[in-house]
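Asks: below are the sequence and a predicted model; questions follow.
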Amino acid sequence: MSCHGEIHGGETNTGAETGTKGYGGAGAARASGLRRQHHQHHPSLLMLRLSDVYWVCWREIKRFVGQKVRILMTVVQPLIWLLFVGNTMSGLTSNPFAARILGVNNYLAFMTPGIMIMTALFGGIFGGMSIVWDRRLGLLNKMLAAPISRAAIPLGKMLAAGLQSMLQVTIITAIAMILGVRFACGVPGFLLILVIVFLFSCGLSGISLSFAAVIKSHETLMATVNFLTMPMMFTSNAMFPTEAMPTWLRTIARWNPLSYAVGPIRTLTTRGLVWGQVVPGLVAMFAFALAMSAIAARQFERSTG
């Protein structure tokens with residue numbers, strides 16, 4: 001058995017707090033020997049690092065699956081937004097001028113991509129909360145004592161946040177279709193939507209984890225991420241088109257990472273695979289996720305070293 005299997009198996013069998021006792025003391029020595037055996041069978045350092053990331057991600061996914069209320073909220077929250085906010089603003093498209101600015105005849109179709117990215121925004125930006133709780137319960141110290149790459153801890157959590165956002169967006173898509181939204185992109189375009197959401201959520205999660213590496217207080221981190229989420233949401237094109245904004249706000253929206261995510265998703269939803277408008281946003285999201293991954297890994301290694 002690899003050291004990763006030891007870590008994973010112990011946690012799932014004995015619970016969050018006691019199951020990780022193998023991280024320290026004699027358990028760390030045993031894990032070190034297991035890691036040497038693992039390294040003999042898998043000499044590639046890259047594969048070893050990917051394995052570290054995988055087990056951290058798997059732990060986060062299992063935690064998510066075990067939180068029934070959280071899973072319920074992934075369905076209820078977008079349903080509330082689409083049913084109430086979407087239908088409240090649906091009268092906008094009855095005005096020809098507003099419909100021309102929105103570019104659609106159904107405000108719900110315009111709003112759905114914004115709801116997708118807002119869901120990924122909140123899911124990603126609060127990813128750092130798990131670090132605070134792990135630190136408070138003593139699990140973080142045990143993970144740091146384990147023979148795994150320290151960078152794998154934030155990277156695994158970022159990967160888990162991205163996968164959770166993909167699940168939420170799939171649910172939002174199903175709800176939106178039931179409410180009458182028709183996606184012009186088909187299945188290939190929907191897969192691209194999932195990729196964009198995944199990259200965006202990873203990037204936002206990287207920001208949150210970078211803060212969590214140095215912020216010890218749950219309350220302080222909550223205040224910090226709230227300070228980030230509200231401006232990002234309201235200075236983007238998630239809810240309203242940039243054409244309807246004043247010049248200064250339009251300038252901010254054009255540099256907002258959230259706008260780079262919403263734009264291609266909205267194009268895929270309302271117009272289909274228009275590559276000239278989709279590819280720039282996809283490239284921007286890839287660069288954003290890559291940069292935040294590097295910063296989170298570096299910040300985590302420096303702050304916990």
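Replies: Perfect, thanks for sending it. Please read these numbers as outputs of a predicted model, since none were measured by experiment. Numbers count the residues shown, from 1 in each chain.
Asks: buried stuff in the helix or strand encompassing Phe198?
Replies: Counting by DSSP states H and E, the element that carries Phe198 is helix 186-212. Neighbour counts over helix 186-212 (16 or more other C-beta atoms under 10 Å) mark 189-190, 192-212 as buried. For every residue, glycine as well, the C-beta is placed using N, CA and C.
Asks: show me what it packs onto, helices and strands only.
Replies: Under the contact criterion of 3 or more C-beta pairs under 8 Å, 6 or more residues apart in numbering; DSSP states H and E, helix 186-212 touches helix 107-125, helix 129-137, helix 152-178, helix 218-234, helix 257-270, helix 275-304.
Asks: what average pLDDT does it get?
Replies: In this model, helix 186-212 has a mean pLDDT of 92.
Asks: state the pLDDT value of Arg84.
Replies: Check again: residue 84 is Phe, not Arg. So Phe84 comes in at 74 (pLDDT).
Asks: number of nearby residues for it?
Replies: Look at Phe84: counted by other C-beta atoms under 10 Å, it has 10 neighbours.
Asks: Leu45 too?
Replies: 10.
Asks: quick check: the residue most central in space within the chain vs Lys157, distance?
Replies: Computing the C-alpha centroid of the chain and ranking residues by C-alpha atoms, centre = their mean puts Ser201 first, at 2.6 Å. Distance from Ser201 to Lys157, counting by C-beta to C-beta, to the nearest Å: 11 Å.
Asks: separation between Ala120 and Lys216?
Replies: Applying C-beta to C-beta to Ala120 and Lys216 gives a distance of 26 Å.
Asks: whoops, I mixed them up, Ala146
Replies: Taking C-beta to C-beta, one finds Ala146 at 21 Å from Lys216.
Asks: neighbour count winner among the two?
Replies: Ala146 (26 against 12).
Asks: between Ser201 and Lys157, which contacts overlap?
Replies: Counting by C-beta atoms under 8 Å, 6 or more residues apart in numbering, no residue touches both Ser201 and Lys157.
Asks: residues near Trp255, how many?
Replies: Trp255 has 9 nearby residues by other C-beta under 10 Å.
Asks: now swap in Val69 and tell me
Replies: Val69 has 7 nearby residues by other C-beta under 10 Å.
Asks: any stretches of this structure with poor pLDDT?
Replies: 1-43, 86-104, 303-305 (pLDDT under 70).
Asks: repeat that for 50
Replies: 1-36, 38-40, 42 (pLDDT under 50).
Asks: wait, Ile252 touches Phe234, no?
Replies: No - with contact defined as C-beta atoms under 8 Å, Ile252 does not count as touching Phe234 (9.8 Å).
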